[in-house]
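Asks: Take a look and give me a structure for this.
(2 chains)
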Amino acid sequence: DVKVTQSSRYLVKRTGEKVFLECVQDMDHENMFWYRQDPGLGLRLIYFSYDVKMKEKGDIPEGYSVSREKKERFSLILESASTNQTSMYLCASRTGALTYYGYTFGSGTRLTVV
Amino acid sequence: SQQGEEDPQALSIQEGENATMNCSYKTSINNLQWYRQNSGRGLVHLILIRSNEREKHSGRLRVTLDTSKKSSSLLITASRAADTASYFCATDAPQGAQKLVFGQGTRLTINP
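Replies: A predicted model of the protein is given here:
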């Protein structure tokens, strides 16, 4: 089975800190995604990547950046954490065309910014 | 913007009963997918139905798709306590972009 691993289940960071959320997948998937999930707002796409060194903005990219230096790793960066970035962050990966395959999600990172 | 919307937002039934959740969407799609999320965890892919399919089965799951009404339903038969979770529908974004847009989910509770 494909495995998507997010480095931390829970994180507590201070306002203004630079925060790195790491995501690694082990099945050579081309496509990787970062979502955040908030009560009442559902899942919202932050950034995604179709290939190494390639990135595309999602619906809410402000305050975030990403890095994909290797195919298996997709990092989400909060340049200067703010309290409104307290959320559950979900990484996902997918191979092939969307028409035929679903996403594999990691277990999520619950980030609290204080 | 939201593409899929689930109904109801919450559903509570007795173990052994069937659970039906509905999803409506706004624009044409290539496929529609259903996911399950246990509390505080990531989402798990359940089933994918393509726009040219009308019904699909997987174990105790049955998914229907009506593209004329822009709606889908997920039926879980003979529910179990372990089915307690949130269920999300997801569609490919408008203009065929290779990404999914998720609804806000249905919270399903199975009472023993």
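
Asks: what residues does chain A put near chain B?
Replies: A:4, A:31, A:33, A:35, A:40-43, A:45, A:48, A:50, A:58-59, A:88, A:90, A:92, A:97-108, A:110 (C-beta under 8 Å from any C-beta of the partner chain). All C-beta spots, glycine's among them, are computed from the backbone N, C-alpha and C.

Asks: quick one, strands of chain B?
Replies: For chain B, applying DSSP state E gives strands covering B:4-7, B:10-14, B:19-25, B:31-37, B:43-50, B:55-58, B:61-66, B:71-76, B:85-92, B:100-102, B:106-111.

Asks: Which of those strands sits closest to A:C23?
Replies: strand B:43-50 (14.0 Å; C-beta to C-beta).

Asks: Can you name every helix or strand that that closest one contacts?
Replies: Contacts defined by 3 or more C-beta pairs under 8 Å, 6 or more residues apart in numbering or on different chains; DSSP states H and E place strand B:43-50 against strand A:104-105, strand B:31-37, strand B:55-58, strand B:61-66, strand B:71-76.

Asks: May I have the third one exported as PDB, CA atoms only?
Replies: Extracted in PDB, the C-alpha atoms of strand B:55-58 (Å, rounded to 0.1, in the frame of the first residue of the first chain):
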ATOM      1  CA  GLU B  55     -23.600   3.000 -10.000                       C
ATOM      2  CA  LYS B  56     -20.700   1.400  -8.300                       C
ATOM      3  CA  HIS B  57     -20.300  -1.100  -5.500                       C
ATOM      4  CA  SER B  58     -17.500  -1.900  -3.100                       C
END
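
Asks: ok, residues contacting it?
Replies: Contact with strand B:55-58 is made by B:46-49, B:62-65, as judged by C-beta atoms under 8 Å, 6 or more residues apart in numbering or on different chains.

Asks: please redo it, this time with the cut-off set to 10 Å
Replies: The contact list for strand B:55-58 (C-beta atoms under 10 Å, 6 or more residues apart in numbering or on different chains) reads B:32, B:34, B:46-50, B:62-66, B:73, B:75, B:77.

Asks: Now a PyMOL select for only the buried ones of those.
Replies: This is the PyMOL syntax for the buried subset of these, where burial follows 16 or more other C-beta atoms under 10 Å in any protein chain shown:
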select buried, chain B and resi 32+34+46+47+48+49+62+63+64+65+73
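
Asks: Looking at the contacts of strand B:55-58, which is nearest B:N22?
Replies: Distance to B:N22 across the contacts of strand B:55-58 (C-beta to C-beta) is lowest for B:S73, with 5.0 Å.

Asks: On the strand side of things, show who that closest one bridges to.
Replies: For B:S73, the beta-bridge partners are B:N22, B:T64 (DSSP bridges).

Asks: could you dump the helices and strands packed on strand B:43-50 to a markdown table with distance to A:R14?
Replies: Shown next, in a markdown table, are the helices and strands packed on strand B:43-50 (distance: least, C-beta to C-beta, whole Å):
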| stretch | distance to A:R14 |
| --- | --- |
| strand A:104-105 | 28 |
| strand B:31-37 | 29 |
| strand B:55-58 | 45 |
| strand B:61-66 | 44 |
| strand B:71-76 | 42 |
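
Asks: can you redo those strands as TSV with mean pLDDT and distance to B:D92?
Replies: Formatted as TSV, the helices and strands packed on strand B:43-50 follow (pLDDT from 0 to 100; distance: least, C-beta to C-beta, whole Å):
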stretch	mean pLDDT	distance to B:D92
strand A:104-105	95	17
strand B:31-37	94	6
strand B:55-58	96	17
strand B:61-66	98	13
strand B:71-76	97	13
